[in-house]
Structures are given as C-alpha cells and as structure tokens.
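Participant: Please work out how this folds:
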Amino acid sequence: MSCFDQHSPKTNRSCLPGRTSQLAATCDQSTSLKRQLDAVERTCVPWRFALLRKSRPAGGTYLLLLFLFATITPANAQQTVLEREAARVETLRRISPSIVCVMDPKGQGGGSGVLISADGYAISNYHVTSGSGTFMKCGLSDGKLYDAVIVGIDPTGDIALIQLQGRTDFSFAIPGDSDQVQVGDEVMALGNPFLLASDFTPTVTYGIVSGVRRYQYPANTFLEYTDCIQIDASINPGNSGGPLFDIEGRWIGINGRASFEKRGRVNSGAAYAISVNQIQKFIEHLKCGLIVDHGIAEFTVATSDAGEVTVAQVSALSDAYRRGLRPGVQVLSFAGRLLTSANDFQNVLGIFPEGTRLPLTWRDQDGLHEGTIRLRPLHAFQKAPELPEERQQRPPQDPENPDGEEIKPDGTTEDVPASLKSLFVARDGFCNYYFNDIQRLRLLTALKERVASNGDPKSVWVIAFSPSEPGPPLSGELTIAPSAVGMNLNNRPFLQSTSDPQVDEESPQLPGLLIAMNQLRRLLSGDAAEFTEQQAAGRTFHLPLEKDVHVLLTREGVRTCRWYFDESSALPIGVDIEYAQGIDEARLLFADWTDRNGAVFPSRIGLISGAQEDLRWLNIGNLTVNKPSATETTKP
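Facilitator: Residues are numbered from 1 along each chain as shown. Got it, this is the predicted structure:
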C-alpha cells in the first residue's frame, strides 16, 4: 500500500521528499499513471488541486507536485488547529471576567449572569434572581464578591437586570447580532453549574447551534421563550442566566431552559438561550426599574391548509380592527418579518415589550394594506409573580438540588449594608422604583432647565396656525388656558374642558389636538402635580420617525401620554395620547422648538391620523402670552 492510500498525518509523515523518485518508479510499475493520479486526487483535499487540474503537467511532474501538496497538508492542518485553539483560549480569557455567579445575600444558592456595562449592570434569568431576593452577592472570576441589587425584571421572558456595586470599571460582554446566528455555528456557554469553582472561575461548555427561532410554549406558567436559540452545549443547573457566546466571543444570548433527564437533572443535549436581540429591546425598560410586560396584538392567527397565516379572531376595540383586519384576512408580515406560520407570528410578538408600536402588512379582497398597531399588556403585573412549581424551592433533603439555584430567600436583610438598602424603593407596579426615579428625573430636570419660567401654567397662550402643505384648509387659532383649550378652525369654534374633556368636543379634522395641547401645557409647566403619575418607560423605536427614543409616561385621569425624547433636545419630539377606549390615539410630532414672547413652543406640529396614518404638518405662526394679573395670581 502506498502512502497515498491512507489520508492521515501519521502515514503522510513517512513520505519524505528524498523518496520521491523511488515512489514514482514503484507507481509506474504497479499501475498506470492515470489510476495513481486519480487515487491521489481522491484522497487529498480537493481545493488544493483545482488549479493543477486546469493545467495538468505531464506524468511525473504532476505526480511530484501532488506528492508535495500531500506531504505539507497535515502540517498546515495541524497549524490551523493550533491557531484556532489559541484563538479560542484567548477569547475565553477575554470574556471570562464578565461572567457573574449570582447568590443570595448569605452567599447561598447559585445561578449565573453576565455584565453588560462598566457601571455594573448585569443580565440574569428571572428564575435565578427571584430565588436570591432583592439584594445579592455576586462573584466574579477575580475571586471577589460584590454586593448587588435588583433593578428590573421581565418575568414572562425570564430576564432580570441587577447592578453590582463597588466599581465603575467592570469588564463586560460585547453583544453580537443574534439574527445572524445560523444552525451549525460554534458557540460557548459560560456559567457556574453546580458551583464547581470556589473562586467563581466560570465553567465553559462548547457546542453548536442546533436550531434558531425556536418557540417554547408557556405551559402552566407565565414563562415564555420566543425566538430563542437551541444549542447542544451542556447546560446544567447553575448555568441559568449565564451568557451564550459565538466563537468570536460576541454575546448572543442568555442560557435559560434545558431539557433534563428525569433523574439527575443532567442536560440531555437540548438547551435554549434567549436571544440577545430580544434582550436589547428590554434593557432600557429594565434600567427604569420596571416589571416589564410583554404584549398582545389583540388578534390571533392560524395557519391555513394553504400554508397562509390568516386572522382567526380580532377584538372590535383594537388598533388592528380599526386598521381593517377581519377574520380570514391573510397576514403577510409583522414587525418587518415575513410570516410563514402562526408560530412565526408568536415568535415575533414575544420579542417586544408591551406598548411598542409595530408595522403590519396584510392582504384582503381589496388588495395589500399597511398599518401599525400598539401592543397591549399581556399580564400587567403589579408585583413580581410567583414562580411556577417546577421553579420552586426543593426540599432541603432532596439530593437532586446540588447548586440550590431556586432557593427562596428568607426575607431578612440584617447583613445588607445600609448603603445597599438605600438603592431599593418598593412600589406597586415597579420592581425597584429607585431606578425609575433616577431616569424620570433625568428627563424632567433637563426639560425644566430648558423651559425655565416660560412654562407658567397660569398664562394663556394664543397661537395661530396654518397648513404647511397644500390640502384641506386647516387654518385657525388655538387658545390654551388653565381651565379650557379652545380652537377656531376655519371659522368653526371648538372648546374642550381641561378637567373633564370629551371626545365629541374634538375637531373631526384634527382629532385629539385640543386634549394634546392641554397635556403639553401640563408637561411644560414642570409641575408634577399636573399628572396623577409620571414614570420613565425605557426606549422604543418610534414610527414614523424611525429612530430610538426615550419614553416618559404620564397619566392624568383616563388619559395616558407617551412623550418621546431623543438626544438632540431636552424638549419632546412627539407624543401619543390614549384618551378614550375604542378610538385611535392622538399622535403628534413636534419640530423646531423656539422661545417666543415668553413661551417655549414648537414651530411645527405634525399630526398622524387615519387608517393610512397620514402625516400632516401645521405651521405655528404668531404666539401671544397673556400672563395673569397680580390679583388673579394671589386669589385663594
């Protein structure tokens, strides 16, 4: 048997260059040159010989070249293996400092997490942090323990945000793009299974992506895994909440669910990671100390026999119904993703927080249509929900709870430093109101400083406006006062009470404008008492502005406003107002804010209305401010 008959490093190493002539002679004697060359080509890496086949030299020259390629192939392959190994080791060295071991205040139990910013924010699973309590001890690969506090939770998506204290220079993971993950990609899972390392050095498991965009139905629980990544890397108790990285060290998910054998809780090769792109949509909400909810579209879909996604049911009070969706209509895309099944729809729906406005495309007998809908709350949790039975504390004598991942906290905070206790404020509807107050004041303080004394709520503003584009005549005058907002539109008067506004008092041409102007006056006054509630509500992708914006939520009576801010100005760039059930929101844009005659007001106001969501701009003309007299100001 010649050295070419077995393709292995051991065999090829025996084929030394000095034996080339002898080998060629032997081959000529034992078989034809063509058969020998074909055998070599079959056993060697094809791409190395593609160029040689195009201009095949004669006889022994070609054989010699093939032989030389064959003798260097194992060395090159070995070098490649060593290089990949060195790169992988370096990647692990770089990312390991971001891995967190999450424990209760007494250092008991154990789950995992990952740092996402230098100021100590870290992501874990909700089912991990709920077993640790409000305050935690967190271990890093440097062997040190750090105090941590809960910030925000997403119970449905099984995500929690905590903040480690004591430093502002933590190493943190760099996110990748989980939408680009493909089946077969190499991945690494890091965490603390069974608390194997007393110095908190993370355990690394390695595998491949087995599936993408998997959906795990919330059977008998509120936990719902949507659009997640399936992997075969070992995920065991204690890995929960730890990060999943691609082979380049980019953070692509949070390990959560795994399929365990019934006895022993050992991973059977099917585990699921929440995608980093989903988590990124929730992070700013979590930083606001919220109990973040997922959303419902207020219509359901099914997959037809023809393979189409069609509407099954739709609420008559929903955005979708007002846009034109009816049972039987084919839904083509949702949130920009083409739909091929009802499962696709559920996957997309589950990766967005409630309150997000999403685009929708559908087809009915009249043709193709486009519109947007706002997601309504799925659960509307006012308090952190209890975990399902399978996540509850196990009996202490149970030998199958080696790491205590779901141990319940005893509720005591005797050992928690006062400085850490001050970072938590309990309030219904919030995970930790302390962090919401920080974000809320950040927006409102900047707004107050910008408006200064030009937002006096006792003043009366008289504002002229006209259309900025050809179209229906929309010229008139607004009068904004503390007790009422009036409008003369095309010589027709409208008057809206500020204390008890009515839907039928709004103009049909500019629905919601008077209520919106009253809410704007309240916001610019800088007086928190003008609203029954104010809260920071994270970030969202604004339509139709098509950019990320900060959200400030205000409530006054039955009216809920979502004010939008970007980095360019301390003043809002838009607002969406829910002011009655079963009708469209008033959706306004503000542009070119200016100081004029003692007031701060936009030079242009855009109104989004109708099923087609037409955008019409009004130019703001002269603005007069009539300040109250001294006697009016001092009236009891």
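Participant: how long is stretch 308-328 end to end?
Facilitator: Using CA to CA, to the nearest Å, one end of stretch 308-328 lies 10 Å from the other.
Participant: which stretches of this structure form helices?
Facilitator: For the chain, applying DSSP state H gives helices covering 9-13, 20-30, 33-43, 50-54, 59-95, 126-129, 276-286, 319-323, 342-349, 418-421, 433-451, 513-525, 630-634.
Participant: quick one: average confidence on the longest one?
Facilitator: In other words, helix 59-95. Mean pLDDT, computed over helix 59-95, is 74.
Participant: cool, and stretch 288-301?
Facilitator: 96.
Participant: please renumber so the chain begins at 8
Facilitator: In the new count, where the first residue is 8, that last one comes out as stretch 295-308.
Participant: tell me how far it is from the chain's mean position?
Facilitator: 13 Å (CA atoms, centre = their mean, to the nearest Å).
Participant: What's the end-to-end length of that stretch?
Facilitator: 33 Å.
Participant: Which positions within it qualify as buried?
Facilitator: Neighbour-count burial for stretch 295-308 flags 295-306, 308 (criterion: 16 or more other CB atoms under 10 Å). Every residue, glycine included, has its C-beta placed from N, CA and C.
Participant: Out of those residues, which is nearest to residue 433?
Facilitator: residue 296 (10.5 Å; CB to CB).
Participant: what's around the residue lying closest to the closest one once chain neighbours are set aside, how many residues?
Facilitator: Leaving aside its chain neighbours, residue 296 sits nearest to residue 442 (3.5 Å; criterion: CB to CB, 6 or more residues apart in numbering). The local packing of residue 442 (other CB atoms under 10 Å) involves 25 other residues.
Participant: Residue 442: what's it in contact with?
Facilitator: 158-159, 294-296 (CB atoms under 8 Å, 6 or more residues apart in numbering).
Participant: now residue 468
Facilitator: 485-488, 528, 606, 608, 630-633.
Participant: give me that answer again for 6 Å
Facilitator: 487, 606, 632 (CB atoms under 6 Å, 6 or more residues apart in numbering).
Participant: Spatially nearest residue to it, not counting backbone neighbours?
Facilitator: That would be residue 487: by CB to CB, 6+ apart, it lies 4.4 Å from residue 468.
Participant: can you check residue 365 too?
Facilitator: Closest to residue 365 by CB to CB, 6+ apart is residue 342, at 4.5 Å.
Participant: likewise residue 128?
Facilitator: Nearest to residue 128 is residue 170, by CB to CB, 6+ apart, at 5.4 Å.
Participant: wouldn't that neighbour be in contact with residue 127 here?
Facilitator: Yes - between residue 170 and residue 127 there is a contact at 4.8 Å, judged by CB atoms under 6 Å.
Participant: quick revisit: surely the residue nearest to residue 468 touches residue 528?
Facilitator: Yes - the criterion here is CB under 6 Å, and residue 487 meets it with residue 528 at 5.3 Å.
Participant: quick one, which of the two is more surrounded?
Facilitator: A direct count of neighbours by other CB under 10 Å for residue 487 and residue 528 places residue 487 higher, at 24 against 21.
Participant: Can you tell me how far the more buried one is from residue 463?
Facilitator: 12 Å (CB to CB, to the nearest Å).
Participant: In strands, which of the buried residues of stretch 295-308 appear?
Facilitator: When DSSP state E defines the strands, the subset of these inside them is 302-303, 306, 308.
Participant: burial count for residue 242?
Facilitator: 29.
Participant: What does the pLDDT read for residue 411?
Facilitator: 42.
Participant: from the buried residues of stretch 295-308, which single one is nearest residue 585?
Facilitator: residue 305 (13.7 Å).
Participant: okay but residue 193 is in contact with residue 254, surely?
Facilitator: Yes - between residue 193 and residue 254 a contact is recorded at 4.1 Å, counting by CB under 6 Å.
Participant: for the stretch 158-307 of the chain, which spans come out with low pLDDT?
Facilitator: 226-227, 266-275 (pLDDT under 70).
Participant: what do you get if the cut-off is 90, keeping everything else the same?
Facilitator: Low-confidence segments of the stretch 158-307 of the chain (pLDDT under 90): 200-206, 222-231, 241-246, 263-278.
Participant: The ones in strands among the buried residues of stretch 295-308 into TSV, with extra columns for distance to residue 336?
Facilitator: Shown next, in TSV, are those (distance: CB to CB, whole Å):
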residue	distance to residue 336
302	20
303	18
306	9
308	10
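Participant: Phi, psi for residue 190 please.
Facilitator: Per-residue torsions, residue 190: phi -60, psi 130 (degrees, to the nearest 10).
Participant: tally of neighbours for it?
Facilitator: There are 11 residues near residue 190, going by other CB under 10 Å.
Participant: Please determine how far the closest residue to it other than its chain neighbours is located from residue 498.
Facilitator: Leaving aside its chain neighbours, residue 190 sits nearest to residue 216 (5.4 Å; criterion: CB to CB, 6+ apart). Per CB to CB, residue 216 is found 66 Å from residue 498.
Participant: again with residue 632
Facilitator: On the measure of CB to CB, residue 632 and residue 498 end up 24 Å apart.
Participant: got it, and residue 250?
Facilitator: 64 Å.
Participant: Which one of the two is surrounded by more residues?
Facilitator: With neighbours defined as other CB under 10 Å, residue 250 and residue 498 compare such that residue 250 has more, 31 against 8.
Participant: Give the burial count for the residue nearest to residue 171 when sequence neighbours are not counted, as a bare number.
Facilitator: The shortest distance from residue 171 to any non-neighbouring residue, by CB to CB, 6+ apart, is to residue 127 (3.8 Å). Using other CB under 10 Å, residue 127 has 24 other residues around it.
Participant: How about residue 237?
Facilitator: Residue 237, neighbours per other CB under 10 Å, totals 20.
Participant: Wait, it touches residue 221, no?
Facilitator: Yes - contact status for residue 237 versus residue 221: in contact at 4.9 Å, counting by CB under 6 Å.
Participant: show me the residues around residue 579 that make contact.
Facilitator: 570-572, 597.
Participant: still on that earlier bit, which single one of the ones in strands among the buried residues of stretch 295-308 is nearest to residue 624?
Facilitator: residue 302 (30.0 Å).
Participant: I'd like to know how far the closest residue to residue 456 other than its chain neighbours sits from residue 571.
Facilitator: Nearest residue to residue 456, sequence neighbours excluded (CB to CB, 6+ apart): residue 577, at 6.9 Å. Noted for residue 577: a distance of 13 Å to residue 571, by CB to CB.
Participant: which one of the two has more residues nearby?
Facilitator: Shown here are residue 577 and residue 571; by other CB under 10 Å, residue 571 has more neighbours (22 against 16).
Participant: ok, the more buried one - contacts?
Facilitator: Per CB under 6 Å, 6+ apart, neighbours of residue 571: 549, 556, 579-581.
Participant: Same question for residue 186.
Facilitator: Contacts of residue 186 (CB under 6 Å, 6+ apart): residue 284.
Participant: For it, give its distance to residue 368.
Facilitator: 19 Å.
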